[in-house]
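Engineer: no sequence for this one, just the structure:
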Ligand SMILES: O=C(O)CCC(=O)C(=O)O
Ligand SMILES: [Fe+2]
């Protein structure tokens with residue numbers, strides 16, 4: 001534990017981490033959203049339309065289905081994706097184990113400094129935000145594993161081993177999906193293999209504890225992901241909702257499936273052909289929810305722009321070029337202010 005975190009430090013972390021406050025009978029005022037952004041209703045309307053794609057078909061069919069789902073919904077579920085089911089179960093279990101660790105262990109990883117590469121934090125920006133969100137998250141880079149594994153938590157004992165195996169498998173899957181998308185968009189082979197375009201891979205364990213009144217609060221507010229592509233492993237508990245024609249629709253947890261989500265960077269590269277959809281996370285009154293997300297990002301110095309292969313044929317670019325690190329900064333500011341994050345980049 002860092003010397004600065006004595007007993008008082010642990011106490012502070014224990015008060016902030018929502019996973020350490022399981023005894024709450026009411027939603028604290030600091031988590032109650034203003035009426036216009038509250039979910040209001042507690043029930044989930046299941047989304048029947050979002051496709052479930054079985055990747056064990058021929059390649060042409062996979063290309064067609066993945067592209068169509070990315071264009072129409074920006075979200076889809078994936079089965080027979082090649083990642084071992086045992087590994088998926090083990091990772092969710094070890095994630096649960098992490099949040100069940102004694103507060104001293106969690107406090108040693110806790111940090112409010114967004115520049116720290118591996119950190120446990122709570123909500124989004126706890127000290128600056130007006131209202132908090134009902135989520136704790138452990139986030140760290142994971143590619144290449146050897147470069148980052150030493151910064152990951154040492155507890156639970158199997159954490160490093162399982163997170164390492166899992167990130168390698170999910171990276172393979174993410175790269176396959178990008179390859180299928182590139183093919184569907186008519187980009188040159190290997191377009192997404194450019195190192196700077198896919199260099200950063202982040203993994204996050206999200207814990208959304210039981211909540212005494214899910215109508216007042218959210219696990220995560222409405223947002224679009226900033227990166228290229230997100231692979232989400234959700235346990236059996238409902239919570240993720242996608243905004244479709246003004247209605248919040250829940251993504252049904254399917255055993256062994258991943259939820260795949262197109263990020264803004266990929267919407268831009270595809271010149272708006274693929275869509276990054278708004279989503280949010282509701283809490284649950286009776287069950288805690290655990291998810292593991294893996295995000296593929298370009299490196300900060302990568303120039304992001306609509307792919308030339310797409311814009312050349314009577315399809316003028318809808319967005320200007322920018323450095324990915326600049327986009328990351330404005331995305332955070334705009335999302336915080338409730339401004340559309342693509343506005344400044346739209347031509
Ligand atoms: O945990 C979830 O269900 C979704 C998380 C998410 O949307 C995110 O981390 O961007
Ligand atoms: Fe998201």
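Structural biologist: In hand now; what should we look at? Remember, it's a predicted structure, so these values are computed and weren't measured experimentally. Ligands and ions are numbered 1, 2, ... in the order given.
Engineer: can you pull the contacts of whatever residue of the stretch 101-250 of the chain ends up closest to ligand 1?
Structural biologist: At 3.8 Å from ligand 1, residue 240 is the closest residue in the stretch 101-250 of the chain, using CB to the nearest ligand atom. In this view, the C-beta of every residue, glycine as well, is placed from N, C-alpha and C. For residue 240, the contacting residues are 232, 234, 250, 251, 259, 279, 280, 281, 291, by CB atoms under 8 Å, 6 or more residues apart in numbering.
Engineer: just residue 185 next, same as before
Structural biologist: 67, 270, 273, 274, 307, 309, 310.
Engineer: Among the contacts of residue 240, name the ones in strands.
Structural biologist: With DSSP state E as the criterion, strands contain 232, 234, 250, 259, 279, 280, 281, 291 from among those.
Engineer: so how far is residue 256 from the second one?
Structural biologist: Residue 234 sits 11 Å away from residue 256, taking CB to CB, to the nearest Å as the criterion.
Engineer: ok, those two, which is more surrounded?
Structural biologist: The neighbour comparison of residue 234 against residue 256 (other CB atoms under 10 Å) goes to residue 234, with 24 against 14.
Engineer: So in terms of bridging, what pairs with that one?
Structural biologist: Legend: beta-bridge partners of residue 234 under DSSP bridges are residue 291.
Engineer: With residue 240 instead?
Structural biologist: Bridge pairing for residue 240 (DSSP bridges) gives the partners residue 281.
Engineer: Could you verify that residue 202 is part of a strand?
Structural biologist: Yes: assigned with DSSP: H, G, I helix; E, B strand; the rest coil, residue 202 falls within a strand.
Engineer: Run a quick neighbour tally on the residue lying closest to it once chain neighbours are set aside.
Structural biologist: Nearest-residue entry for residue 202: residue 295, 4.7 Å, with adjacent residues in sequence omitted and distances by CB to CB, 6 or more residues apart in numbering. By other CB under 10 Å, the residues close to residue 295 number 23.
Engineer: what's the helix or strand for residue 295?
Structural biologist: Per DSSP states H and E, residue 295 falls inside strand 289-297.
Engineer: Next SSE downstream of that strand?
Structural biologist: strand 303-304.
Engineer: helices or strands next to that next one in the packing?
Structural biologist: In terms of contacts (3 or more CB pairs under 8 Å, 6 or more residues apart in numbering; DSSP states H and E), strand 303-304 is packed against helix 264-269, strand 322-323, helix 324-337.
Engineer: same thing but 7 Å
Structural biologist: The contact analysis (3 or more CB pairs under 7 Å, 6 or more residues apart in numbering; DSSP states H and E) places strand 303-304 against helix 264-269.
Engineer: starting at the chain centroid, how far to the helix or strand where residue 138 lies?
Structural biologist: Element membership for residue 138 (DSSP H and E) is strand 136-141. On the basis of CA atoms, centre = their mean, to the nearest Å, strand 136-141 sits 10 Å off its chain's mean C-alpha point.
Engineer: Strand 289-297 and that one, what's the angle between them?
Structural biologist: Orientation of strand 136-141 against strand 289-297 (axes from the mean of the first three to the mean of the last three CA atoms, to 10 degrees) gives an angle of 30 degrees.
Engineer: so what's residue 121 up against?
Structural biologist: Listed by CB atoms under 7 Å, 6 or more residues apart in numbering, the contact set of residue 121 reads 110, 111, 112, 137.
Engineer: who wins for most neighbours among those?
Structural biologist: Comparing the contacts of residue 121 by number of neighbours (other CB under 10 Å), residue 110 comes first, having 24 neighbours.
Engineer: Next secondary structure after the strand holding residue 138?
Structural biologist: Per DSSP H and E, the first helix or strand lying C-terminal to strand 136-141 is helix 145-148.
Engineer: per-residue confidence averaged over that next one?
Structural biologist: Per-region confidence: helix 145-148 scores 98 on mean pLDDT.
Engineer: before we move on, what about stretch 215-227?
Structural biologist: For stretch 215-227, the per-residue pLDDT averages 97.
Engineer: Could you double-check that residue 160 sits in contact with residue 150?
Structural biologist: No: Residue 160 lies out of contact with residue 150 (CB atoms under 7 Å); the separation is 8.7 Å.
Engineer: That'll do, ta.
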